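Enquirer: just coords:
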């Protein structure tokens, strides 16, 4: 195409010089990480917030090595910490420091508030990865998700413990506690096992369907699985293609 010919350079060199353009690519990735009380729970070797932290650390390192920028936000029912996406290994160490500071963990759960803050904080077309167990969702969260999906590329990364979905059948009594209050109840798990597991399954399916309706990707990670293999699959089939 004649419009790509550099005529001045061609005259000086006495041969035809064509301009070549290299597209500048800087993907901006932001992790929105749930640090509420329900994430400080686990029946496997690692509790949910540990698994979330390992996954965020692994993905952040890969993103930075690919010369893309990454940031993070920690939320419960409050905004605990937000760091805008930047390049470089110093940013990786900032992320490690944030997700390993135990004072950041604990509290209620308000995804709506966190998403509202994101909408005023991040630029359009940022890839936002929400890392949460999605337990304790408040009314209107579906609307918040749709608003976020209009501005950002979204991935939902659900971290669940086996006990979030299946009650043990080999014990007679357990103490259950609401993660967001001091309410406790003693019961025989066999009396509610069927209903509990049915509800948990329906809850996960509903959350997954809600993400998919916004054209967002959604991945479920169990704390007792070989989750790093799943993360490797997520990392640059879904992230690098954006």
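Expert: Yes, it's here. Quick caveat: nothing in here was measured; it's all calculated off a predicted structure.

Enquirer: which element is residue 219 on?
Expert: Secondary structure from DSSP states H and E places residue 219 in strand 217-222.

Enquirer: Pull the residues that contact that strand.
Expert: 51, 55, 154-162, 204, 207-208, 211-212, 227, 230-231, 234, 238 (CB atoms under 8 Å, 6 or more residues apart in numbering). Backbone N, C-alpha and C define where each C-beta goes, glycine included.

Enquirer: Can you go through the residues you listed and name the buried ones?
Expert: Listed as buried from the contacts of strand 217-222 are 51, 55, 154-161, 204, 207-208, 211, 227, 230-231, 234; burial here means 16 or more other CB atoms under 10 Å.

Enquirer: Give me the distance from the strand holding residue 219 to the chain's centre.
Expert: Centroid displacement of strand 217-222 relative to its chain, using CA atoms, centre = their mean, to the nearest Å, is 9 Å.

Enquirer: same check, this time on stretch 133-146
Expert: Using CA atoms, centre = their mean, the offset of stretch 133-146 from its chain centre is 14 Å.

Enquirer: Next, the buried residues of that stretch.
Expert: Buried residues in stretch 133-146, counted by 16+ other CB under 10 Å: 133-137, 141-142, 144-145.

Enquirer: what's next to that stretch, contact-wise?
Expert: With CB under 8 Å, 6+ apart, stretch 133-146 has contacts from 34, 36, 38-39, 48, 108-112, 115-116, 154, 156, 158-161, 164, 179-180, 207, 210-211, 214, 216.

Enquirer: same thing but 7 Å
Expert: 34, 36, 38-39, 48, 109-112, 115-116, 158-160, 164, 180, 207, 210, 214 (CB atoms under 7 Å, 6 or more residues apart in numbering).

Enquirer: ok, residue 36 - contacts?
Expert: 76, 107-109, 136.

Enquirer: Now name the helix or strand holding residue 210.
Expert: Applying DSSP H and E as the criterion places residue 210 in helix 189-213.

Enquirer: do the same with residue 154
Expert: Counting by DSSP H and E, residue 154 is found in strand 153-160.

Enquirer: quick one: average confidence on that strand?
Expert: Averaged across strand 153-160, the pLDDT comes to 94.

Enquirer: what's the answer for stretch 204-224, then?
Expert: On average, stretch 204-224 scores 93.

Enquirer: just stretch 33-40 next, same as before
Expert: 96.
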